[in-house]
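Participant: Attaching a predicted model along with its sequence, questions to come.
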Amino acid sequence: MERELHLPHFPLELVPFPGERINLHIFEPRYRQLIHQVDQTGSTFCIPAVIDRKVQSVGTEMALIAIEKRYDDGRLDVTVEGLGVVRIIDFFPMMIGWLYPGGSVERIQSFSNGHDLNRLRIIDLVRELWQLLGVEKEVPGIKDLETVFRIGHYIGLSLQQEYDLLTLSEELDRQNSVIAHLEQMLPSVKRVEEVRRKASMNGHFRELPPADWT
């Protein structure tokens, strides 16, 4: 663990992953103030996930990359990037002298101990999933999967599952979690695809092999 930091907080029903860039439209006065403060000071800030109306105890440290657009009424379009995972020590709904929340956090060390064999397995599973779903997206190569955070939003995880993935500090554990999720999910997707295929064959002639029932 590193030393304790005091950061502004921007709670969202969202789990940003380290290394991910996100475009946000900022309209609430308190978060417009947060972005202006971060822009002026160069500070980072924290996005803790909100799940079932509860601010979670682990979040993502974020950097402001750019203010893309300023609207006349004060709204902002911004690009932010996830830097790393933090544990939230204290959370205050409003900071003294400011409108936005904030609190103390400590950075959580991430261990890059993933295995290439796991990466290959994940690539195969993702390829199969996306083909079944008709997803027109390039399947990442092994060099792109240094961390599974790269695909965390594109494999059918719920918000809670994305949060659980974020809380795992070792890449090996994250790999195993993703493999287990995909292996459990794929049979259900295949069943849905089979139902869709059968439903679309109504009225068509089909050549079926004889069943061996003896």
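Facilitator: Nice, thanks for sending it over. Just so we're clear, the structure is a prediction, and the values are computed from it rather than from any experiment. Numbering: from 1, shown residues only.
Participant: Show me where this protein has its helices.
Facilitator: For the chain, helices defined by DSSP state H occupy the ranges 29-41, 116-133, 159-166, 171-200.
Participant: Can you give the domain ranges for this protein?
Facilitator: 4-107, 116-200 (automatic domain parsing).
Participant: so what's Q160 up against?
Facilitator: I51 (Cβ atoms under 8 Å, 6 or more residues apart in numbering). C-beta coordinates here come from the backbone N, C-alpha and C atoms, glycine included.
Participant: Return the distance of the helix or strand bottoming out on mean pLDDT in the chain from the chain's centre.
Facilitator: Here the helix or strand of the chain ranked lowest by mean pLDDT, DSSP states H and E is helix 171-200, holding a mean of 90. Distance, stretch centre to chain centre, for helix 171-200: 18 Å (Cα atoms, centre = their mean, to the nearest Å).
Participant: got the angle between that helix and helix 116-133?
Facilitator: Here helix 171-200 runs at an angle of 20 degrees relative to helix 116-133 (axes from the mean of the first three to the mean of the last three Cα atoms, to 10 degrees).
Participant: Quick check: buried residues in helix 171-200?
Facilitator: Neighbour counts over helix 171-200 (16 or more other Cβ atoms under 10 Å) mark 171, 173-178, 181-182 as buried.
Participant: Can you tell me which of the residues you listed comes closest to Q37?
Facilitator: R174 (32.6 Å; Cβ to Cβ).
Participant: State the distance from the closest one to P18.
Facilitator: Distance, R174 to P18, using Cβ to Cβ, to the nearest Å: 11 Å.
Participant: same thing with H115?
Facilitator: Taking Cβ to Cβ, one finds H115 at 19 Å from P18.
Participant: which residues touch the top strand by length along the chain?
Facilitator: The longest strand of the chain (DSSP state E) is strand 54-70. Strand 54-70 is contacted from outside by 7, 9-11, 15-18, 21, 23, 35, 38-39, 44-50, 76-88, 91, 105, 107-108, 163, 166-167, using Cβ under 8 Å, 6+ apart.
Participant: Next, count neighbours for P101.
Facilitator: 22 (other Cβ atoms under 10 Å).
Participant: Now do the same contact list for it.
Facilitator: Neighbours of P101 in contact, by Cβ under 8 Å, 6+ apart: 8-11, 30, 91-95.
Participant: Flag the least confident of those.
Facilitator: Lowest in pLDDT among those is M95, which has 87.
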